[in-house]
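[1] My questions concern the predicted model and sequence given below.
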Amino acid sequence: MDGNKEPLVYIVSDAIGETAELVARAAASQFNSGRVEFRRVSHIDSLTTLVDVVRQASERGNAAIVYTLIVPELRTAMKEETEKHNVPAVDIMGPVVEALSRITSVRPKLEPGLVHRMDEQYFRRIEAVEFAVKCDDGKEPRSLEKADVVLLGVSRTSKTPVSLYLAQRCYKVANIPLVPEVPPPKELFRIEKKRIVGLTIAAQTLLEIRQERLRAMGLGLAANYASLERILHELKYAEDLFRRLGCPVVDVTHRAVEETAAKVLHIIAGGGQHGF
């Protein structure tokens, strides 16, 4: 042992090793952690590498190993090697996995890096939701090229609910309201038509939905927004645009948001197109 060397903690993992390092640093803070060196050895996938790390720690003398090894063979080998070479070692993950195995009927997956994959999925979902909010109701047309899918439809065809539902599944969705008096953004004609999905609905159903909307807002039913003539005009305009774009169309009449979202996913996955 070289007494002039600072204590060294090897952080060993078959994934990234962040969990083990976090625990080790927290413990080291009780011993003036500024004098403790940490060296991370990530993505261990062979016994050769593992044995080499233990050998280095043993030769150094004032070194310990803190590890998170999910693969049972590696975890067993680490325990045996560190005991053989008298290297202080702490298994962060193993005892917890074993304890949970005793109280649940679900078998552990024993796959390294699952926590980080879950974290990545969480951040992708947050990013997708933020995108859907930013690109809701025709906002940010310059972002259309970044969308996984662009939903088109007249008012009250479930564009926003479907967008947010898909965003929860990590899809970046933009939606554009179709109004005869307002030309669609020019960016719409620059993206692949397979990423564009039109939403349509039966005129009578849309009439009832809009009338209910006006009642909820405390407005009279005489508004042009809820007139059958206006609705037919809007639906015809949307139909013509769908034809012009050559995009698939989903009829949302009497469909739940989940059903519409499933249809949209089926289309963008290449599972068949239908439309005008």
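    Yes, it's here. Residues are numbered from 1 along each chain as shown.

[2] List the buried residues in the lowest-mean-pLDDT helix or strand in the chain.
    In the chain, no helix or strand scores lower on mean pLDDT, DSSP states H and E than helix 114-134, which sits at a mean of 78. Residues of helix 114-134 classed as buried: Ala128, Val129, Phe131, Ala132 (neighbour count, 16 or more other Cβ atoms under 10 Å). Using the backbone N, CA and C atoms, a C-beta is placed for each residue, glycine as well.

[3] Low-confidence stretches in the stretch 101-250 of the chain?
    108-119, 222 (pLDDT under 70).

[4] For it, which segments are assigned as strands?
    149-153, 173-177, 196-200, 249-251 (DSSP state E, counting those that start in this stretch).

[5] what's the closest of the ones you listed to Pro7?
    Nearest to Pro7, of all the strands of the stretch 101-250 of the chain, is strand 173-177, at 51.9 Å by Cβ to Cβ.

[6] Report the distance from that closest one to the chain centre.
    Relative to its chain's centre, strand 173-177 lies at 20 Å (Cα atoms, centre = their mean, to the nearest Å).

[7] now the helices for the stretch 101-250 of the chain?
    For the stretch 101-250 of the chain, helices defined by DSSP state H, counting those that start in this stretch occupy the ranges 114-134, 159-167, 203-216, 228-245.

[8] Distance to Val96 and mean neighbour count added to the strands of the stretch 101-250 of the chain, as TSV?
    Below are the strands of the stretch 101-250 of the chain laid out as TSV (distance: least, Cβ to Cβ, whole Å; neighbours: other Cβ atoms under 10 Å):
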stretch	distance to Val96	mean neighbour count
strand 149-153	40	25
strand 173-177	38	26
strand 196-200	45	25
strand 249-251	46	22
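
[9] could I get those strands as a markdown table with distance to Asn62?
    Output for the strands of the stretch 101-250 of the chain, formatted as a markdown table (distance: least, Cβ to Cβ, whole Å):
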| stretch | distance to Asn62 |
| --- | --- |
| strand 149-153 | 57 |
| strand 173-177 | 56 |
| strand 196-200 | 63 |
| strand 249-251 | 66 |
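
[10] between these, which gets nearest to Arg124?
    Short answer: strand 173-177, nearest of these by Cβ to Cβ, at 13.2 Å.

[11] Parallel or antiparallel, which strands does that closest one pair with?
    Each strand that pairs with strand 173-177, with its direction, by DSSP bridges: strand 149-153 (parallel).

[12] and the partner strand with helix 114-134, angle?
    30 degrees (axes from the mean of the first three to the mean of the last three Cα atoms, to 10 degrees).

[13] What are the contacting residues of strand 149-153?
    The contact list for strand 149-153, computed with Cβ atoms under 8 Å, 6 or more residues apart in numbering, reads 144, 159, 162-163, 166, 171-178, 184, 188, 191, 195-201, 238, 241-242, 245, 247, 252, 264, 268.

[14] and of the buried residues of helix 114-134, the nearest to Gln30?
    Out of those, the member with the shortest distance to Gln30 (by Cβ to Cβ) is Val129, at 40.2 Å.

[15] and the closest one, what does it touch?
    Leu164, Ala167, Gln168.

[16] try Arg215
    Leu221.

[17] With His233 instead?
    Pro180.

[18] Please identify the buried residues of stretch 35-44?
    Here stretch 35-44 shows Val36, Phe38, Val41, Ser42, Ile44 as buried, counting by 16+ other Cβ under 10 Å.

[19] The residues you listed in strands, which ones?
    Within those, residues falling in strands by DSSP state E are Phe38, Val41.

[20] Could I get the buried residues of stretch 35-44 in JSON lines, plus columns for distance to Thr260 and pLDDT?
    As requested, the buried residues of stretch 35-44 are arranged in JSON lines below (distance: Cβ to Cβ, whole Å; pLDDT from 0 to 100):
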{"residue": "Val36", "distance to Thr260": "56", "pLDDT": "86"}
{"residue": "Phe38", "distance to Thr260": "51", "pLDDT": "91"}
{"residue": "Val41", "distance to Thr260": "49", "pLDDT": "91"}
{"residue": "Ser42", "distance to Thr260": "43", "pLDDT": "88"}
{"residue": "Ile44", "distance to Thr260": "46", "pLDDT": "87"}
